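Asks: sequence and predicted model, in that order:
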Amino acid sequence: MLPRRALIPLAGAVLAAALLPGSWGLDGLAREGQLGPGFWPRLALCGLGLACLAKAREEWRRGRGGAPEAGDARPEISRPTLLGGIALIVGYVLLASPLGFALTTAGFIAAFMLLAGSRAPVSVALSALLGTVGLLYVFVKAVYLPLPKGDGPFEALTLALYRALGLF
């Protein structure tokens, strides 16, 4: 018998599979040699479906009384840390347009790493810098996705960064 806790992740996998065909029609808008606009929704839906299936498997094994897998023991969730993470995500969404993708992403990566417990300033700075530059190359150069550049001086800063990185 399937444990009740496995039903919700299974429903998520079914929903992801049901939504997948809706993304196929988006690729008619793609230019030759470029990823179509349906690529990212398909990627997200496939990831969601796989994650839901993995969670359903975990709950099924737990319900059957199977041997716990390595790493099953989870630490207690820190509510202040969880709320801080949620606040960072909401702040990222609100600030990306006025400050621009590059600045907001670098700040988000650094803040999230600090919130998660990283205390090495060099590691935090390098991760924020390299992570942001990597994402800029993927989204601007490879996928041709227009990202928020920011308003006023932030737009000028973003454009200078794009020129320095050879993105424009």
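Replies: Thanks, I have the structure now.
Asks: remind me which helix or strand residue 160 belongs to.
Replies: Using DSSP states H and E, residue 160 maps to helix 153-164.
Asks: what's that helix packed up against?
Replies: Applying 3 or more C-beta pairs under 8 Å, 6 or more residues apart in numbering; DSSP states H and E, we find helix 153-164 packed against helix 101-115. No exception for glycine: its C-beta is placed from N, CA and C like everyone else's.
Asks: in the helix it packs on, what counts as buried?
Replies: 101-113, 115 (16 or more other C-beta atoms under 10 Å).
Asks: take those residues and write them to TSV, including pLDDT and distance to residue 85.
Replies: Shown next, in TSV, are the buried residues of helix 101-115 (pLDDT from 0 to 100; distance: C-beta to C-beta, whole Å):
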residue	pLDDT	distance to residue 85
101	96	20
102	96	21
103	97	20
104	97	16
105	97	16
106	97	17
107	97	14
108	97	11
109	97	13
110	97	14
111	97	10
112	96	7
113	97	11
115	96	6
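Asks: distance of the residue positioned nearest the centre of the chain relative to residue 51?
Replies: Centroid-nearest residue in the chain, with C-alpha atoms, centre = their mean: residue 44, separated by 9.1 Å. Between residue 44 and residue 51 the computed distance is 10 Å (C-beta to C-beta, to the nearest Å).
Asks: and for residue 16?
Replies: Applying C-beta to C-beta to residue 16 and residue 51 gives a distance of 9 Å.
Asks: which one's more surrounded, those two?
Replies: Legend: neighbour count by other C-beta atoms under 10 Å for residue 16 and residue 51, higher for residue 16 (19 against 14).
Asks: please name the nearest non-neighbouring residue to that one.
Replies: residue 49 (3.7 Å; C-beta to C-beta, 6 or more residues apart in numbering).
Asks: for the worst-scoring helix or strand of the chain on mean pLDDT, name the packing helices and strands.
Replies: Lowest by mean pLDDT, DSSP states H and E among the helices and strands of the chain is helix 39-63, with a mean of 89. For helix 39-63, the packing partners by 3+ C-beta pairs under 8 Å, 6+ apart come out as helix 7-19.
Asks: if we can go back for a sec, got the angle for the helix or strand just after the least confident helix or strand of the chain vs helix 101-115?
Replies: With elements assigned by DSSP H and E, the helix or strand that comes after helix 39-63 is helix 79-99. Going by axes from the mean of the first three to the mean of the last three C-alpha atoms, to 10 degrees, helix 79-99 is angled at 170 degrees with respect to helix 101-115.
Asks: helices or strands next to helix 79-99 in the packing?
Replies: With 3+ C-beta pairs under 8 Å, 6+ apart as the test, helix 79-99 has helix 101-115 packed against it.
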